[in-house]
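S.K.: Generate a structure from the sequence data that follows.
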Amino acid sequence: MRAIRSLAAVAGFVLGVVAQDSSDPLYYDNLRDTNSGLLNDVSVSEDSNVFQVHLGDGTQYRLAELKAFLPLSNGASIRAGYQDDAAAALLAVYHFNNLDMSPIITEEDVEGCDVKLTMEIVDSKFSPIGSTRVFTESLHTENTLSTPLPTAVIGAYRSATTSPLAILTGVNGIPQASYASSSTDFDVKEQFPLFGRTVTSSTGEAKVALDYFQSIKASHVGVLFVTDAYGSALQKAFQDAANDAGMVTDSVAFSFSADLNGDEIENAIDHLKHTEFRLFYVICFENHLRPIVKTALEHGIIGPDYLWIFPGFERTAVEPLISGDTMMAKATLGMGLLNVEGGVRKEPIIPKLGLVAPLEDVPETGYEKFRTAWRKARAHSTFVEFLQAKLPNSLETIEGFDREAPFSNEPGSFRPMLYDAVMGMALAMCRAGDSTEFFTGTNIYDEFLQLNFTGASGSVRISNETGTREFQSLTYALWNIQPYEDADEHGNPQVKLVPSARYDNGVWKSIVGNPYIFADGSLNPPESLPPVDEKMNYIGDAGRIAAFVLMALVMLASVLSLVWMGLFWQERVVSSSQPLFLVLVSVGSFVMVSAIIPLSYDETVTEEIESLNSACMAGPWLYIIGAVIAFSALFAKTRGIHKAYANPELDFIHVTSFDIFGTLAFLLAINMIILTCWTVLNPREWTRTQKDATDVFDRAVESYGSCTGDDSLPYVIILLVVNFLFLIVGNWWAYQSRNIETEYLESRYIGISMAAVLQAWCMGIPILIVVWDTPQAKFFVETGIIFVTSLAFLLLIYVPKVMASIADRKNAIAEEKRKAYSSFIENRVKRENSYADTGAKGGADSDSDNSSVSSIHEGETTDETSNEIRSSAESSSPVRTSLTSRAGLMGLAKQASNRSARLGFSGAQKLDEKTDPTTGIKIIHNPRSERNLNVTQGREMSRRQLAQYCGSDSESEDDRPAKLEKISSSQDQDVSEPIPPPVPVVLPVEEQSPEVPAEEHSPQQEQSPEPEPEKQVEPTA
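M.R.: Numbering: from 1, shown residues only. Below is the predicted model of the structure:
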């Protein structure tokens, strides 16, 4: 099955040949030299590229050649950190060949393994073609000990370079392990059957990046990517993950070989600018960094309000591109490098100054052990010579190459994964060698799929389906580019790389003491999009001031009404209405109108959500409680007036304090129970609702704030139904009692007040629903409803009483004047009569005259008395005639006074507890009383209708039924009005006329006509 060939040892164990030390890094490379004198026998199989060598001392090894494709240059210039890549790969080889020096793998891990490694380093130059050409040429060489075919391939760095190599290695049965290529294409085993890697795929890398953008609440991200295997795969993976997460992305590409100063990058940056995004995820390589930053700076999309994240950069390669360049140092501040790491230390790194994190005294993690071994190797002259000898000779022609230049004192980002790729492939060879002496590439790859070990980059777990490392086993770090305090020797600004966050177990965690400082110098990430010019629909100062003015007017009216009531509480107009009734109306209106204050709250008044939520419930409480206080007084009065409707023979309406307080307590209890349940169980909260208008990013450009609650509607409906029910009942009672006239017309104004409130609610609530999403209009309607209902209570109750009080005072003054005038006339007549009696001729005549005058004084002007006055006047002197005329005037004045008293002309009466202990309201007219129904033939009529019905004496009895029908038909439309009180009779003082001879007066002039007898009409109540 295997063809074994033996090669004779050349001059084996010849005298003068000194055996080399196996700890020498070049020891196993020297074993491949057939002229070294160390070999005794060499064996190889046609199916395997492993050579079994036997030494003269009986020791045997299986030598495996590794070919590492590393990006040491770009073909024209050397790459920063080129020594570090080579050092990481060769250090793994050195540690595996000398397990006693390995910090990661111990002899127990590879017990009995005789596999030893040699390595050839190839400069990939980031070129797929160049790397493929080198590998193809190596396959055409003869497989000898000195020129062996590769047992395994390490690399490459760039996915585009790795892809053709992986195809060739798969075809030729050679396993391959990459340390940086993350394209998801490599998971397709039909195309890349023997490919594995110690990094995750683009899918895992994209998820890590997406989780970071989500942690800063990003909604829109612009993606700039290079169109090679790595860039395209990562862009697609990120876009798919973003779409699944609901994040919007806009991607633009440029080629890997794009002219760094040409239009391709210019056009890509211009596209990003026109997206108006503020967050960018840039998938590129180190050589693209400078032109991208320069072009973005020219387009104004770098700096404050912007964030740029670059994944996959090697830190040691990036720092030299920034430090020492003023433009780059300033432009890159606040940018982030999202890298896969073997481990993360919190100390900032400044590679140019050699400032790195110190080593641990007792390293515990694989990463810290690797860092310690890296520092020792850097100081180990033998290893440094080994590194210098292994660097490819092709670099001699590359600008900037220095074979003796030391490698960095910090391993960098991908070097731990490179170390683990070499070490993992070596472990797979050992385990494959346990079952077969000459293992093949397939044997090695099968063992590689089972790897699970602790390496320099942490726990290395390889998926046995794809050969890709599980991304949960990797550590990612976000490095923040921050300004370094000191400039370099030329005064140029420098930067430092600060590890600000690390990704462990699917979560980004901040590193204590290293906050991420963004480009604006703050700790707050920029917004994903430019600020939206949103119309907030605030109430506005103008509307708020107007509402407060109306509120102040109502409050002032409430206070003034209370003051007025306190000053005139003993007057009949106040006492008959009950001060308690008036107090409740004023206090209720004051409390009700104060609801405007919480209703005026929005974010311009306070931004504290607790205050806004409290205002949301304060508004209903104030308005409902105030309305109930005022309405309960009106409702109790209306109920009392309605009693007269049910009992028409009542002369007074008695509404006690118990009636008012009972109504108030009942209505308050119902409403407070509902309000309390609402407040405790489902309170309204302040929310801002977006309207349908959007901008190009589908962002709402208009919103409004309002008080809402998930289950508030049932409480609102219950409150409306309960209070509407009582309001409708009160209005129905007022309508039924509309023709019942009480003292000072109180029943009419109470009814009008409740009707006004009902009308305000019926008109205002539907309008309020229509304008609910327009805060200005909604606040205007709410203010209007509150203002109208408050004034309906105040003005319609107080203004008529104030006017009645003023009228009573005027009438009282007029009455006093009339009484004074009547008294003056009466006294004057008495004096003149006494003078006339002394000059009378006959005593009988004198007695007769005195009795007549006395009858006149008492207002009893009968026919007999009149005749006596006239007969006395005919026989009297001119003085007597004048006095008789004045006595008649006095009688008319007395009649006017009596008539005014009969019509209820009372003046500003004061409360008399003896005569009116209940302070009841006098009923002036009740159309349902038996007296009125007898007059109107059973029809209910208002006072004015009754006056029209009974006012014409010329009507015949036959005309009255027709007129009655006409009056009754218009009764519903005719609002009853009281008959205006008669104008007080003011009698002018009659000047004394000159004496006229008696003979000049004719009997016809002196004789007064017979007065017609008045038609007796039964008086109304």
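S.K.: nearest residue to residue 196 other than its sequence neighbours?
M.R.: residue 467 (3.5 Å; Cβ to Cβ, 6 or more residues apart in numbering). All C-beta atoms are positioned from the backbone trio N, CA, C, and that covers glycine.
S.K.: If you could redo that for residue 85, that was the one I meant.
M.R.: According to Cβ to Cβ, 6+ apart, the nearest residue to residue 85 is residue 70 (4.4 Å).
S.K.: Please apply the same query to residue 41.
M.R.: Closest to residue 41 by Cβ to Cβ, 6+ apart is residue 54, at 4.1 Å.
S.K.: same check, this time on residue 368
M.R.: Of all residues not flanking residue 368 in the chain, residue 360 sits nearest, at 5.1 Å (Cβ to Cβ, 6+ apart).
S.K.: Would you double-check that that neighbour falls in a helix?
M.R.: No - read with DSSP: H, G, I helix; E, B strand; the rest coil, residue 360 is coil and lies in no helix.
S.K.: Now do the helix or strand where residue 508 lies: everything it contacts.
M.R.: Following DSSP states H and E, the helix or strand that holds residue 508 is strand 507-510. For strand 507-510, the surrounding residues in contact (Cβ atoms under 8 Å, 6 or more residues apart in numbering) are 211-212, 215, 478, 500-503, 516.
S.K.: Can you list phi and psi of the residue nearest to residue 85 for me?
M.R.: phi -120, psi 140 (degrees, to the nearest 10).
S.K.: Show me the contacts of strand 507-510 that map onto helices.
M.R.: Secondary structure from DSSP state H places 211-212, 215 of these in helices.
S.K.: shaky segments in the stretch 451-600 of the chain?
M.R.: 487-491, 576-577 (pLDDT under 70).
S.K.: In the stretch 601-750 of the chain, where is pLDDT below threshold?
M.R.: 644-646, 649-654, 739, 741-747.
S.K.: For residue 373, give me its contacts.
M.R.: Counting by Cβ under 8 Å, 6+ apart, residue 373 has contacts 91, 95, 101-103.
S.K.: one more time with 10 Å
M.R.: 91, 94-95, 101-104, 363, 380, 411, 419, 456 (Cβ atoms under 10 Å, 6 or more residues apart in numbering).
S.K.: Would you mind pulling up the elements that the host helix or strand of residue 232 packs against?
M.R.: For residue 232, the host element (DSSP H and E) is helix 229-245. Taking 3 or more Cβ pairs under 10 Å, 6 or more residues apart in numbering; DSSP states H and E as contact, the helices and strands that helix 229-245 lies on are helix 159-171, helix 202-215, strand 220-226, strand 248-254, strand 279-283.
S.K.: Quick check: which of these is nearest to residue 535?
M.R.: Distance to residue 535, taken as Cβ to Cβ, is lowest for strand 220-226 among the helices and strands packed on helix 229-245, at 21.5 Å.
S.K.: Now do that closest one: distance to the chain's middle.
M.R.: Mean C-alpha position of strand 220-226 versus that of the full chain (Cα atoms, centre = their mean, to the nearest Å) differs by 30 Å.
S.K.: Would you map the helices across the stretch 1-150 of the chain?
M.R.: 27-31, 82-97, 128-139 (DSSP state H, counting those that start in this stretch).
S.K.: Could you give me the buried positions within the second one?
M.R.: Within helix 82-97, the residues that qualify as buried are 82-97, counting by 16 or more other Cβ atoms under 10 Å.
S.K.: Of these, just say which sits nearest to residue 259.
M.R.: Nearest to residue 259 among the buried residues of helix 82-97, with distances taken as Cβ to Cβ, is residue 82, at 24.3 Å.
S.K.: thought that closest one was touching residue 394?
M.R.: No - counting by Cβ atoms under 10 Å, no contact exists between residue 82 and residue 394, whose distance comes to 12.0 Å.
S.K.: residues shared between the contacts of the two?
M.R.: 72-73, 123, 401.
S.K.: Let's see if you can find the most crowded of these.
M.R.: residue 123 (28 neighbours; other Cβ atoms under 10 Å).
S.K.: Test of understanding: give the bridge partners of it.
M.R.: Counting by DSSP bridges, residue 123 is bridged to residue 70.
S.K.: Local confidence estimate at it?
M.R.: On the pLDDT scale, residue 123 is placed at 95.
S.K.: tell me the contacts of it?
M.R.: 69-75, 78-79, 82, 85-86, 130-131, 134, 391-395, 398, 401.
S.K.: Then residue 257?
M.R.: Contacts of residue 257 by Cβ under 10 Å, 6+ apart are 126-127, 226-228, 264.
S.K.: Report the central residue of the protein.
M.R.: By Cα atoms, centre = their mean, the mean C-alpha position of the chain lies nearest to residue 688, the distance being 5.0 Å.
S.K.: that's a strand at that one, yeah?
M.R.: Yes - under three-state DSSP, residue 688 sits within a strand.
S.K.: Now it: closest residue in space that isn't a chain neighbour?
M.R.: In this structure, residue 688 finds its nearest non-sequential neighbour in residue 705, 4.7 Å apart by Cβ to Cβ, 6+ apart.
S.K.: can you count the residues close to residue 666?
M.R.: Neighbour tally, residue 666, other Cβ under 10 Å: 14.
S.K.: Just confirm it contacts residue 632, I think it does.
M.R.: Yes - with contact defined as Cβ under 10 Å, residue 666 counts as touching residue 632 (7.9 Å).
S.K.: Now list whatever residues contact both of these two.
M.R.: Each of residue 726 lies in contact with both residue 666 and residue 632 under the rule Cβ under 10 Å, 6+ apart.
S.K.: which regions of the stretch 201-350 of the chain lie under the pLDDT threshold?
M.R.: Checking the stretch 201-350 of the chain against pLDDT under 70 turns up 261, 316-317, 319-320, 323-324.
S.K.: 80 - rerun?
M.R.: For the stretch 201-350 of the chain, applying pLDDT under 80 flags the ranges 258-262, 314-326, 349-350.
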